[in-house]
Each structure stands twice: as structure tokens, then as C-alpha cells.
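> A predicted structure for the sequence below; I have some questions about it.
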Amino acid sequence: MTDETLPTLRCANHPARETMLRCNKCDKPICVQCAVRTPVGYRCKECVAGQQAIFYNGNPSDSLIAGAVALVLGAIAGALAYAFLGFFGWFSFIAAIFVGPVVGGLIAEAARRAVRKRRSRQMKWIVAAACVIGILAGGLLVTVGPALGWGGAVADFTWIIPTVFLRWDVLLFAALAASTIYTRHL
Ligand SMILES: [Zn+2]
Ligand SMILES: [Zn+2]
């Protein structure tokens, strides 16, 4: 096949530009600048925007609901992790490696169901971040709570807060839970 058998295409958006590319969805000729590379081939910007509108069918409140679910469940998981992971001594790191992804998967699934499996662009980030904040907040509650006599005596926060955030096993647990959430289809 030679070049002569191919009709010269001109970009639909830039008539001055000759091109060899077509959008593989709507067949419109597009130049390199107008083409968007997708997992299923080159597409025009309009088709990509249309696909995203169908894929991301959630509304802004969905992200907030999913984030709130992750925050609450993360806080429960964080309180349990701070209370119990330490019992395993050095094995707490191995426990964190096993339990972190499982908890992250459960939180992602719970958040997904809370918004009836609708997706939105920022949901992954919001749910993963809310989970980490929840875990740290849960840890603060179980650590600071008793130290305060559950609100009674005045405690010196300057030593409590560093001990909460320097539990590497729990931080590893939080990181694994969050990264698992990020890999899920939210
Ligand atoms: Zn197209
Ligand atoms: Zn173009």
C-alpha cells in the first residue's frame, strides 16, 4: 500500500493540518494535538469527555458521603489498631501487612455501597485520605482519652501526640489501607 491510496485527512478542529489519525469511536479525523491516547486507542476530546461523564456518574455529595463513611470506619479501625497491634511486638508489622489491605478493601466496599456504587473523579482520594485521618483520629482517641481520664485531668499533649504518630506499625497499616482503597474502583 502506498501513500496515494490513502485519502488525505484534515483535522476536524484544525482544517490546515493534515493527519493520519481518526477517533476510533466517532471516526472524526484528528491531529496529534487533538488526539487523546486512551487504553482503547486514540479518541477525540469530545468522545473522551462523553465517556467520562458516563463513567463518573456521581454527584458532589457522593464524595462527601463516601468520605464520611471512610472517616468513621477508619477511626474504629485506627482505635483497634492502636489498641491491639502493639501486642504482637515486632510481629505487629507483619500483622499490619496482612490486616491493612483487608481493612482498606472493606472500607472501600462500604464507601462504594454507601453511594450505591456511583463514581466520581475525586472519590478515591477523598476516601483514602479520610481513612488515614480516621485511623490517626481513632488512635488519638484511644491514646489521649485515657490519659485525660476521659476528659478529667489536664494532660501534657506534647508527649502524647508524638507517641501516637510514632507507631510505625499503625502508620504502615494506615498506608496499606489507603493504597488498597486507591486501587479500587471508586
Ligand atoms: Zn470522537
Ligand atoms: Zn486538531
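Alright, I've got the coordinates. Remember, it's a predicted structure, so these values are computed and weren't measured experimentally. Numbering: from 1, shown residues only. Ligands and ions are numbered 1, 2, ... in the order given.

> what ranges of this structure fall below the confidence cut-off?
Within the chain, the ranges that satisfy pLDDT under 70 run 1-6, 145-165.

> one more time with 50, if that's ok
Applying pLDDT under 50 to the chain flags the ranges 1, 151-155.

> Spit out the contact partners of the residue nearest the centre of it.
When CA atoms, centre = their mean is applied to the chain, the residue found nearest the centroid is Lys124 (2.6 Å). Residues in contact with Lys124, defined by CB atoms under 8 Å, 6 or more residues apart in numbering, are 181-182, 184, 186. Where you see a C-beta, it was placed from the backbone N, CA and C, and this is true even at glycine.

> can you name the two of those that are farthest apart?
Greatest spatial distance in those: Tyr182 and Leu186, 8.5 Å, computed using CB to CB.

> circling back to that earlier point, looking at the contacts of Lys124, spot the one nearest Arg22.
Of all the contacts of Lys124, Arg22 sits closest to Leu186, with 32.9 Å by CB to CB.

> wait, isn't that closest one in contact with Ala110?
No - Leu186 is beyond contact range of Ala110, at 11.2 Å (criterion: CB atoms under 8 Å).

> Neighbour count: these two, which is higher?
Comparing Leu186 with Ala110 by neighbour count (other CB atoms under 10 Å), the higher total belongs to Leu186, at 26 against 15.

> For the more buried one, give me its contacts.
Shown in contact with Leu186 (CB under 8 Å, 6+ apart): 66, 108, 111-112, 119, 123-124, 127.

> Please convert those to TSV, extending it with distance to Val142 and secondary structure.
Putting the contacts of Leu186 into TSV (distance: CB to CB, whole Å; DSSP: H, G, I helix; E, B strand; the rest coil) gives the following:
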residue	distance to Val142	secondary structure
Ala66	25	helix
Ala108	24	helix
Ala111	23	helix
Arg112	27	helix
Arg119	33	coil
Met123	28	helix
Lys124	28	helix
Val127	23	helix
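
> which among those residues gets closest to ligand 2?
Arg119 (29.7 Å; CB to the ion).

> Please work out how many residues are found near the closest one.
Counted with other CB under 10 Å, residues neighbouring Arg119 total 17.

> Perfect, I'm done here.
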